[in-house]
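A.B. asks: can you look at this prediction? I've put the sequence above it.
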Amino acid sequence: MRMVFPMVLLGVWLSALAPPGWAGTSRLEAHVSLALQEVPSLSGRGQAELARGAVKFQAGEYMAAGMILSEAGRLGAGGPVEDLAEYLARESWARAASTPQDIQTAINSLQDYRRKFHKPARGTLALWRIGALYERMGFAYEAVASYEQALREGPAASPLLFFIRLDLANAYVSQGRYPEGAQQLRIVRERSPDDDSRAEATIGLGDISHTLRLEHHALDLYDQAEATWPAALQSRPASLLAMGETLLTLGDWARARRVLSMGYGLHPRDPNAPVMLARLADGHRKAGEYRQAKQLYETILERHPGTDAERLAWGGLGALAERTLRQGAAEGEVQAAYRTVLARWKTNPQSAEALLRLGQSYQRSGEFEAAGAAYDQLLARPDAAYWRPLARQGLEDTLRSLMEKGNALEVATLFLRHEVMLMAPAMKSATALAVGEALVRLGFADPAIRVYGAVLAEGQQGTPQQRALVGLAEAYRKKRDFPREEEAWTSYVRGFQNGRWSSEAQQGLIAVLVRQEKREEAEKFCRQWMAAGALLVKAAGAAAGTGGVAGSLACADLFFQKGQVQLAQGLYEGVLKAGADVPDLLWATYQIGRGYVSAGRPAQAAEFFRKVAKSDANPLLSAAAEAQLTALHISGKP
């Protein structure tokens with residue numbers, strides 16, 4: 001059983017792309033600091049204030065530095081000092097900004113600098129800082145726009161643009177725009193002269209590939225990073241976690257454990273560390289080392305309660321119980337673990353797998369109603385796309401099992417709720433036939449017609465085709481669409497003269513012809529099949545959607561009306577022997593009594609009339625039988 005939650009990187013990718021001291025703001029500030037090297041080379045009005053402001057700037061006293069540098073710009077207006085002083089003043093205010101209002105003021109100030117001064121390099125730095133400020137406020141779209149503008153307007157050959165591309169990739173990923181992020185990282189990886197940038201781009205591409213489940217591609221990138229930039233890879237805990245997960249998915253348990261152990265040892269206090277421990281336990285479980293896996297899962301439950309790692313540990317314990325079912329573990333242990341995940345992390349996207357595993361466990365233990373409910377919840381989730389094929393397969397198996405238990409209502413409910421998914425592609429014929437039977441039984445004619453039609457459209461042969469035709473005819477009968485019911489029965493009679501449901505088809509065809517007042521055609525079929533000994537009488541419900549004894553009764557009534565009483569009597573007696581439903585039994589009994597009256601055998605007639613008169617199933621027929629008995633008594637022929 002495979003227990004994988006492969007999208008853990010979604011929440012940690014940004015920190016992986018911009019580790020402290022290496023990327024993002026630190027990278028930008030390193031380039032801004034280069035501007036300070038110009039201070040000693042400038043002269044003229046305001047130079048002293050510029051130098052004083054630069055000292056404050058380097059000391060991190062940004063508010064004071066901003067005021068002094070602003071004054072330097074005013075004093076040096078029109079001279080070489082003004083441009084640099086104005087830029088550093090605005091950068092100081094950007095670094096000092098702490099509230100959203102301060103940040104917006106800093107953004108406006110940097111935009112104003114770009115309008116007043118036109119040095120491409122500093123203008124590009126200003127746009128880079130504006131993008132970073134927007135990211136601080138959580139405005140990812142505005143950040144992307146600023147970075148993209150910096151790339152368009154910056155000097156084409158400037159190495160600075162490669163660093164901006166790294167931050168642009170970061171912003172793209174925060175929006176889920178992985179192809180665009182990967183494109184920027186590929187450019188940096190292939191063209192940047194900076195070795196650290198190439199390392200960051202390579203590892204970032206590996207992280208994106210892992211997030212998109214391109215595991216082989218991800219491992220190629222991680223392998224290159226491990227061989228060329230081992231220190232860079234080891235400094236990124238989220239990437240070590242992703243590399244370990246990639247190796248787990250590809251089945252390299254030993255190497256996965258090595259990478260995860262290294263990551264946990266290097267970064268024990270990182271937010272990713274508990275998840276690394278959970279994945280390490282997964283590696284032991286997948287390698288069959290169940291005791292070590294259980295110890296690690298239980299350690300996580302004890303040391304990291306309330307974290308994502310605890311959720312993974314509960315899921316791992318559920319999967320471990322599944323693996324050890326033959327070694328004494330019970331389905332109850334499996335279900336308890338997954339129910340814990342659902343109870344505490346119900347809205348977490350990764351809890352979708354817990355629903356799938358819970359449904360499968362219920363199936364194994366024969367709790368099909370509970371299994372159906374689990375699959376129903378899973379398929380209703382918008383985040384269940386990855387598990388949908390397995391959930392659909394489980395739902396189909398459950399539908400068949402529920403129908404075998406006679407739970408037609410549950411079958412119909414689940415099908416109608418997920419009809420669109422179950423019909424495209426079409427269900428397995430066994431499932432479709434079970435669903436169709438449930439729908440017909442409950443009177444849902446139109447969806448039943450669609451289900452049976454799909455089975456026939458697939459060109460199924462043999463028993464599935466026969467069952468579908470019989471069910472289709474019954475669905476049309478429920479809908480009172482008699483012409484199409486006749487078509488379905490006719491198709492069966494012509495195609496399967498010796499089929500399993502040939503008797504039901506013959507009787508159903510006769511009955512529908514009578515309902516349409518096609519008495520001559522009906523009588524012709526009655527005589528034809530009786531002459532061939534093919535008009536057999538079977539109990540109602542012998543198979544899904546059968547015509548029961550309706551055809552025999554219809555033929556008997558036709559013959560009785562035409563005065564062929566003896567012929568009719570034989571059919572009525574066959575209905576009684578078949579043990580038909582009570583209404584049909586009463587009608588056949590009453591008609592036999594009438595036949596005996598016509599034959600001048602009142603004693604036998606009275607015996608049958610009394611049976612009908614004693615029944616309270618059909619008051620009108622009972623009253624008619626009483627009247628017949630009274631008539632026999634008056635005539636002196638009791």
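C.D. replies: That came in fine, so what should we check first?
A.B. asks: and the next helix or strand past whichever strand or helix holds I68?
C.D. replies: Assessed by DSSP states H and E, I68 sits inside helix 62-75. For helix 62-75, the following helix or strand on the C-terminal side (DSSP H and E) is helix 80-96.
A.B. asks: centre of the chain versus that following helix, how much separation?
C.D. replies: 53 Å (C-alpha atoms, centre = their mean, to the nearest Å).
A.B. asks: and the pLDDT for G595?
C.D. replies: Note on G595: pLDDT of 89.
A.B. asks: walk me through the domains of the protein.
C.D. replies: Domain assignment for the chain by automatic domain parsing gives 1-37+97-247, 581-638.
A.B. asks: dihedrals phi and psi, the residue positioned nearest the centre of the chain?
C.D. replies: Nearest to the mean C-alpha position of the chain, by C-alpha atoms, centre = their mean, lies A384 at 2.6 Å. With angles defined as degrees, to the nearest 10, A384 sits at phi -100, psi 20.
A.B. asks: thought it was touching S351?
C.D. replies: No - the criterion here is C-beta atoms under 8 Å, and A384 misses it with S351 at 9.9 Å. For every residue, glycine as well, the C-beta is placed using N, CA and C.
A.B. asks: quick one, helices of the stretch 401-550 of the chain?
C.D. replies: Assigned by DSSP state H, counting those that start in this stretch, the stretch 401-550 of the chain shows helices spanning 408-417, 419-423, 429-442, 445-457, 463-479, 482-495, 502-515, 519-531, 550-561.
A.B. asks: quick check: mean pLDDT of the fifth one?
C.D. replies: Averaged across helix 463-479, the pLDDT comes to 94.
A.B. asks: what's it packed up against?
C.D. replies: Using 3 or more C-beta pairs under 8 Å, 6 or more residues apart in numbering; DSSP states H and E as the contact test, the elements touching helix 463-479 are helix 429-442, helix 445-457, helix 482-495, helix 502-515.
A.B. asks: contacts only, for E86.
C.D. replies: L69, S70, G73, Y113, K116, F117 (C-beta atoms under 8 Å, 6 or more residues apart in numbering).
A.B. asks: may I ask which of the residues you listed has the most neighbours?
C.D. replies: L69 (30 neighbours; other C-beta atoms under 10 Å).
A.B. asks: now do the contacts for it.
C.D. replies: E49, L50, G53, A54, F57, A85, E86, L88, A89, S92.
A.B. asks: wait, which of those residues is closest to K518?
C.D. replies: S92 (97.2 Å; C-beta to C-beta).
A.B. asks: I'd say the closest one and A65 touch.
C.D. replies: Yes - S92 lies in contact with A65 (C-beta under 8 Å); the separation is 4.5 Å.
A.B. asks: out of the helices and strands packed on helix 463-479, which comes closest to R400?
C.D. replies: helix 429-442 (5.0 Å).
A.B. asks: return the set of buried residues in the closest one.
C.D. replies: If you call a residue buried by 16 or more other C-beta atoms under 10 Å, then helix 429-442 has these buried ones: 429-442.
A.B. asks: any residues touching it, and which ones?
C.D. replies: 396, 399-400, 403-404, 408-409, 411-412, 415, 422, 426-427, 445, 447-448, 451-452, 454-455, 458, 460, 464, 467-468, 471, 474-475, 478, 544-545.
A.B. asks: if we use 7 Å, what do you get?
C.D. replies: 396, 399-400, 403, 408-409, 411-412, 415, 426-427, 447-448, 451-452, 454-455, 460, 464, 467-468, 471, 474-475, 478, 544-545 (C-beta atoms under 7 Å, 6 or more residues apart in numbering).
A.B. asks: of the residues you listed, grab the buried ones for ChimeraX.
C.D. replies: The following ChimeraX line selects those of those that are buried, judged by 16+ other C-beta under 10 Å:
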select :396,399,400,403,408,411,412,415,427,447,448,451,452,454,455,460,464,467,468,471,474,475,478,544,545
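A.B. asks: how much space between S70 and E38?
C.D. replies: Distance, S70 to E38, by C-beta to C-beta, to the nearest Å: 18 Å.
A.B. asks: T463 now?
C.D. replies: With C-beta to C-beta as the criterion, T463 and E38 are 88 Å apart.
A.B. asks: for this protein, name the helix or strand with the lowest mean pLDDT.
C.D. replies: Ranked by mean pLDDT, DSSP states H and E, the weakest helix or strand in the chain is helix 9-17, scoring a mean of 37.
A.B. asks: that one: what's the following helix or strand?
C.D. replies: Next along from helix 9-17, by DSSP H and E: helix 25-36.
A.B. asks: hmm, back to that, now the domains of the chain as CSV including distance to R344?
C.D. replies: Formatted as CSV, those follow (distance: least, C-beta to C-beta, whole Å):
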stretch, distance to R344
domain 1-37+97-247, 15
domain 581-638, 53
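A.B. asks: tell me the most buried of those domains?
C.D. replies: Highest mean neighbour count of the domains of the chain: domain 1-37+97-247, a mean of 19 (counted as mean count of other C-beta atoms under 10 Å).
A.B. asks: now that one: how far from the chain's centre is it?
C.D. replies: With C-alpha atoms, centre = their mean, you get 32 Å for domain 1-37+97-247.
A.B. asks: what's the answer for stretch 493-510, then?
C.D. replies: On C-alpha atoms, centre = their mean, the centre of stretch 493-510 falls 42 Å from the chain's centre.
A.B. asks: buried sites along it?
C.D. replies: Within stretch 493-510, judged by 16+ other C-beta under 10 Å, the buried ones are 493, 496, 499, 501-510.
A.B. asks: now the end-to-end length of that stretch.
C.D. replies: End-to-end distance of stretch 493-510 (C-alpha to C-alpha, to the nearest Å): 11 Å.
A.B. asks: same check, this time on stretch 336-354
C.D. replies: The first and last residues of stretch 336-354 sit 11 Å apart, counting by C-alpha to C-alpha.
A.B. asks: list the contacts of that stretch.
C.D. replies: With C-beta under 7 Å, 6+ apart as the test, stretch 336-354 has contacts from 5, 7, 311, 314-315, 317-318, 321, 355, 357-358, 378, 381, 383-384, 387.
A.B. asks: which of those residues fall within helices?
C.D. replies: Among those, DSSP state H puts R311, W314, G315, L317, G318, A321, L355, R357, L358, L378 in helices.
A.B. asks: pLDDT of stretch 178-187, averaged?
C.D. replies: Stretch 178-187 comes out at a mean pLDDT of 97.
A.B. asks: wait, stretch 136-147
C.D. replies: 93.
A.B. asks: identify the residues contacting that stretch?
C.D. replies: 100, 103, 127, 130-131, 134-135, 164, 167-168, 171-172, 174-175.
A.B. asks: show me those residues that map onto helices.
C.D. replies: Going by DSSP H, the helices hold 100, 103, 127, 130-131, 134-135, 164, 167-168, 171-172, 174 from these.
A.B. asks: give the residue spans of the stretch 401-550 of the chain that score low on pLDDT.
C.D. replies: The model of the stretch 401-550 of the chain has pLDDT under 70 over residues 532-548.
A.B. asks: try it again at 90.
C.D. replies: Applying pLDDT under 90 to the stretch 401-550 of the chain flags the ranges 424-426, 458-462, 493-494, 497-508, 510-511, 514-515, 517, 519-550.
A.B. asks: tell me which stretches of the stretch 251-400 of the chain form helices.
C.D. replies: 253-266, 273-286, 290-303, 308-323, 331-344, 351-364, 368-380, 388-404.
A.B. asks: okay, those helices in CSV with distance to W587 next?
C.D. replies: Below are the helices of the stretch 251-400 of the chain laid out as CSV (distance: least, C-beta to C-beta, whole Å):
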stretch, distance to W587
helix 253-266, 73
helix 273-286, 67
helix 290-303, 67
helix 308-323, 57
helix 331-344, 51
helix 351-364, 45
helix 368-380, 39
helix 388-404, 31
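A.B. asks: returning to what we had before: chain center to the helix holding I68: distance?
C.D. replies: 58 Å.
A.B. asks: in that helix, what's buried?
C.D. replies: For helix 62-75, by 16+ other C-beta under 10 Å, it's Y62, A64, A65, G66, M67, I68, L69, S70, E71, A72, G73, L75.
A.B. asks: picking up where we left off before, and of the buried residues of helix 429-442, the nearest to L277?
C.D. replies: L277 has its nearest neighbour among the buried residues of helix 429-442 in T431, at 42.0 Å by C-beta to C-beta.
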